[in-house]
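Undergrad: here is my input, please return the structure:
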Amino acid sequence: MDINKEFILKLLKEIIDIPSPTGYTKNVMLHIENVVSEYGYKISSNKKGNRIIEIEGEDNSYCIGIPVHVDTLGAMVRSVNSDGTLKITSIGGNMYSTLDGEYCKIHTRAGQTYTGTMLSTSPAVHVYPDAKTKERTEDNMMVRIDEVVKNKEDVIKLQIGTGDFISIEPKFEVASSGYIKSRYLDNKAGTVCALSLMELFIRMGSKPRNRVKIIISSYEEVGHGSSNIPADIDELVGIDMGCIGLDLSCTEQDVSICAKDSSGPYDYDITNKLIELSKKHNLNYAVDIYPMYGSDVSASLEGGNDIKGALIGPGVHGSHGMERTHIDGIINTIKLIYAYLTE
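TA: This is a model prediction of the structure:
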C-alpha cells in the first residue's frame, strides 16, 4: 500500500500551525472542513463544535467511529499584572518547565492577535537570585507582551483581558531522517492519520467494510471531547499519541496499541484483531499500558455511550512538551487503521 507522505506532511504542518488550544478550535476546524470538501465527503458538527466526517461503507448497518482530537494544550489570560505582564491559567496539562522562554500569541475576544513570550516571574539571572532555581509552576509564570506597555492600564487599552486565549508557537520541523518534531503532535498527528483515510479510499478506489464516522473533537485535553457521540456508532477505534518511556516498548517508528490506560482495559476482541492485523501486514507495532492517560474513547465510555472501544496511535516522545514522532510511526498507524476498516 502506497501512503501519500506529501499529503500527510503538508496537512500536518497546516493544522499544527493553526492555533487551537481547547475552546479555540474554530479556525483549525474551518481548515479541516475545506480539506474534507475537496475530497467530497460529508462533514457535520455537533453543538459543542466536534466535527463528524462520514464515509460510506459496503455495509452501512454497522458503524465504526474513529475519534481524534485537534484541540491542544494552551493557556488563558487569568488577569493583567500591574507591570503590564499577564498572569495565566492553564488549558490542559502543561509542563511549565518546557514553556519557559517560549514564544506565544494572545488571541483577544475583540479579534486581535498579539505576540509575546512565556517566562518565569524571575526571568533574569542578573536580577533575580532564584532565576535558575525557581520552580516553573503556573503561579510562577507570566506572559511578556511585545507591545509598549508599562502598566495594567496600557494592556487594557489593547483590549487584552481575562479569558483571552494564549497559544504557544509549535516550532514544526521535519528532519531528513524522517523525525517530525513539534508541539501538539498530540493529537494533530493522529488527526492526520484519520484524515488520510479520505485520500487513501479515493486513490485506492476502495470502501471501508462498514460505515465510518471520523469524530474530530475539540475538548479532549480537558476530558470531555467525545463524551457524546452519534447514536448510530457501534464501536470506537481512537487514534491518539502512543506513549514512550519507562517500561513501555513503543518507539516513534511504531504504531502503538493500547491495551489499558488510566480508565481501564480496552475491548479484548478489537485489541486482539489490531494485533493480528499488525502481524499479518508486518507493521512495526507495540502493545503497551498507558499509566497516566485518557482518550476520547475513555470519555465516550464514561459518558454512558453503549459502545466498545480500542486505541492506537503513532509513538510520540516527550508528550506535553517538545514532542517528536517519525513518519514511519504515522504510516504504520494509517496502514493498521485501513486494514482494520477493510478486512
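
Undergrad: C-alpha only now, for contacts and for neighbours.
TA: Will do.

Undergrad: now residue 220: how far from residue 298?
TA: Using CA to CA, to the nearest Å, residue 220 is found at 10 Å from residue 298.

Undergrad: show me where the protein has helices.
TA: 5-16, 26-39, 152-157, 185-204, 268-280, 296-302, 327-342 (DSSP state H).

Undergrad: mean pLDDT, distance to residue 93 and mean neighbour count added to those helices, as a markdown table?
TA: As requested, the helices of the chain are exported to a markdown table (pLDDT from 0 to 100; distance: least, CA to CA, whole Å; neighbours: other CA atoms under 10 Å):
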| stretch | mean pLDDT | distance to residue 93 | mean neighbour count |
| --- | --- | --- | --- |
| helix 5-16 | 98 | 18 | 16 |
| helix 26-39 | 97 | 21 | 15 |
| helix 152-157 | 98 | 27 | 16 |
| helix 185-204 | 97 | 12 | 22 |
| helix 268-280 | 98 | 28 | 16 |
| helix 296-302 | 97 | 16 | 23 |
| helix 327-342 | 98 | 24 | 22 |
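
Undergrad: any chance of these in TSV, with distance to residue 240 too?
TA: Putting the helices of the chain into TSV (distance: least, CA to CA, whole Å) gives the following:
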stretch	distance to residue 240
helix 5-16	14
helix 26-39	17
helix 152-157	38
helix 185-204	5
helix 268-280	15
helix 296-302	9
helix 327-342	10
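
Undergrad: looking at those helices, spot the one closest to residue 233.
TA: When the helices of the chain are compared by CA to CA, helix 296-302 sits nearest residue 233, at 10.9 Å.

Undergrad: out of the helices of the chain, which gets nearest to residue 145?
TA: Nearest of these (CA to CA): helix 152-157, 8.7 Å.

Undergrad: which one of the helices of the chain lies closest to residue 52?
TA: Closest to residue 52 of the helices of the chain is helix 26-39 (CA to CA; 10.0 Å).

Undergrad: for stretch 124-141, buried residues please.
TA: Within stretch 124-141, the residues scored as buried using 16 or more other CA atoms under 10 Å are 136, 138, 141.

Undergrad: of these, which is the nearest to residue 78?
TA: Within the buried residues of stretch 124-141, the smallest distance to residue 78 is 10.6 Å, found for residue 138 (CA to CA).

Undergrad: who touches the closest residue in space to residue 12 that isn't next to it in sequence in this structure?
TA: If the residues on either side of it in the chain are set aside, residue 12 comes closest to residue 192, at 6.1 Å by CA to CA, 6 or more residues apart in numbering. Residues in contact with residue 192, defined by CA atoms under 8 Å, 6 or more residues apart in numbering, are 8, 11, 12.

Undergrad: nearest to residue 293 among the buried residues of stretch 124-141?
TA: Among the buried residues of stretch 124-141, residue 138 lies closest to residue 293 (CA to CA), at 21.3 Å.

Undergrad: now the closest one: how far from residue 294?
TA: 22 Å.

Undergrad: repeat for residue 214
TA: Residue 214 sits at a distance of 19 Å from residue 294 (criterion: CA to CA).

Undergrad: ok, residue 103 next?
TA: Relative to residue 294, residue 103 is positioned 28 Å away (CA to CA).

Undergrad: for the helices of the chain, which one sits closest to residue 286?
TA: Closest approach to residue 286 among the helices of the chain (CA to CA): helix 268-280, 8.7 Å.

Undergrad: from the contact counts, what lies against the closest one?
TA: strand 255-261, strand 308-314, helix 327-342 (3 or more CA pairs under 8 Å, 6 or more residues apart in numbering; DSSP states H and E).

Undergrad: 7 Å - rerun?
TA: helix 327-342 (3 or more CA pairs under 7 Å, 6 or more residues apart in numbering; DSSP states H and E).

Undergrad: so what touches the helix it packs on?
TA: Helix 327-342 has contacts (CA atoms under 7 Å, 6 or more residues apart in numbering) with 3, 178-180, 193, 208-209, 252-255, 274, 277-278, 283-284, 313-315.

Undergrad: ditto for stretch 256-263
TA: With CA under 7 Å, 6+ apart as the test, stretch 256-263 has contacts from 242, 250, 265-266, 271, 285-294, 298, 311-315.

Undergrad: please identify the buried residues of that stretch?
TA: Going by 16+ other CA under 10 Å, stretch 256-263 has these buried residues: 256, 257, 258, 259, 260, 261, 263.

Undergrad: let me have the residues you listed in TSV, extended by pLDDT.
TA: As requested, the buried residues of stretch 256-263 are exported to TSV (pLDDT from 0 to 100):
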residue	pLDDT
256	98
257	98
258	98
259	98
260	98
261	97
263	95
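
Undergrad: any chance of these in TSV, with distance to residue 229 too?
TA: Formatted as TSV, the buried residues of stretch 256-263 follow (distance: CA to CA, whole Å):
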residue	distance to residue 229
256	24
257	22
258	21
259	22
260	21
261	21
263	18
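
Undergrad: hmm, which two among these are most spread apart?
TA: Most distant of those, by CA to CA, are 256 and 263, 17.2 Å apart.
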